[in-house]
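> prediction below, plus the sequence it came from.
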Amino acid sequence: MSEPRRSARTLARRWWPVALAVPLGAVAGAGYAVVAHPSYAANSYVIVVPQTTGESATAINFAQAYGRLAGQPQVLAAAAADTGHTRTELEALVHGTTSPDAPMIEITGTGARPQEAVQAADAVARSLVAFANASSRETGVRLVPLAPAAEPDKPTTPSAQLDVAVGGAAGLLVGALVMMTRRRGTAVGPQTAPAPAPGAPQDPVTPTTPRPRSEEAPAERDPAEPGEQKDLRESKQPKEAKEPKESAKAAGKEKTVTAGSGR
């Protein structure tokens, strides 16, 4: 087998979870984009105008405040009657956004059809203007509609390109997790000793036989008593040491006999 083919087989055996999961994730994302219900969004704009010249900072501050009130019940109650939705449903369909450097409020409405999105955005914008202008004498600012909502040309969700990319990324993550799990299982698995090569010499195994109890080494005895140790020392003295003593005793006896005979 050639080297490129061997390398290709090695890569395929190692990376097959990723190669399989990424296309499957992309296909799943594309399928979601096909079956998901489309959602449209439309934007209506309201601007805050100060009644006193040179109060632009005040107008920006009030724009921030009224932008937060766009999704509150006191504003949505009047707009719900114009849209045909309940206040709870309209709260999920509309939200307001403000700019930190401009006294403008953006009202975004969503719906299953372009007309529904436009209707929701314009209704909440009108309700917010009426609510804010009721207290314009106290606040010193007025809200003026700047631009009504326009019908969107295409839905905001689902997005086929975004869904396919998200599906492919999810497949890549799943494939990487499968690869890590397989490598960890291989590393933790039991390790067996390599089999000897055919024809290699093997060490003979010598069978071991148990020794009979009679051949077992005797237990060590306690050291002898002091008297026994003395007898042992005397018995170990050389015979040559005893012979001079016996010859000396015999010579003494001969002298005694000779002296007795002289008398």
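Nice, I can see it. Quantities reported herein were computed from a predicted structural model and do not represent experimental measurements. Numbering: from 1, shown residues only.

> when you work out contacts or count neighbours from here on, use the C-alpha atoms and nothing else.
Noted.

> where in this structure is pLDDT low?
1, 185-263 (pLDDT under 70).

> that one: strands as residue ranges?
For the chain, strands defined by DSSP state E occupy the ranges 40-50, 94-99, 102-111, 141-147.

> closest one to Arg182 among those strands?
Among the strands of the chain, the nearest to Arg182 by CA to CA is strand 40-50 (44.5 Å).

> quick one, what contacts the nearest residue to Gln72 once chain neighbours are set aside?
Residue nearest to Gln72 in three dimensions, not counting chain neighbours: Glu91, with 7.7 Å by CA to CA, 6 or more residues apart in numbering. Residues near Glu91 by CA atoms under 8 Å, 6 or more residues apart in numbering: Gly71, Gln72, Leu76.

> can you redo those as TSV with neighbour count and distance to Gln51?
Below are the contacts of Glu91 laid out as TSV (neighbours: other CA atoms under 10 Å; distance: CA to CA, whole Å):
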residue	neighbour count	distance to Gln51
Gly71	21	25
Gln72	15	25
Leu76	24	26
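
> now, among these, which is nearest to Val129?
Val129 has its nearest neighbour among the contacts of Glu91 in Leu76, at 11.9 Å by CA to CA.

> does that closest one touch His85 like I think?
No: the criterion here is CA atoms under 8 Å, and Leu76 misses it with His85 at 10.0 Å.

> tally of neighbours for the nearest residue to Ser136 once chain neighbours are set aside?
Counting by CA to CA, 6+ apart, Ser136 lies nearest to Arg142, which is 5.7 Å off, once chain neighbours are set aside. Burial measure for Arg142: 20 neighbouring residues, criterion other CA atoms under 10 Å.
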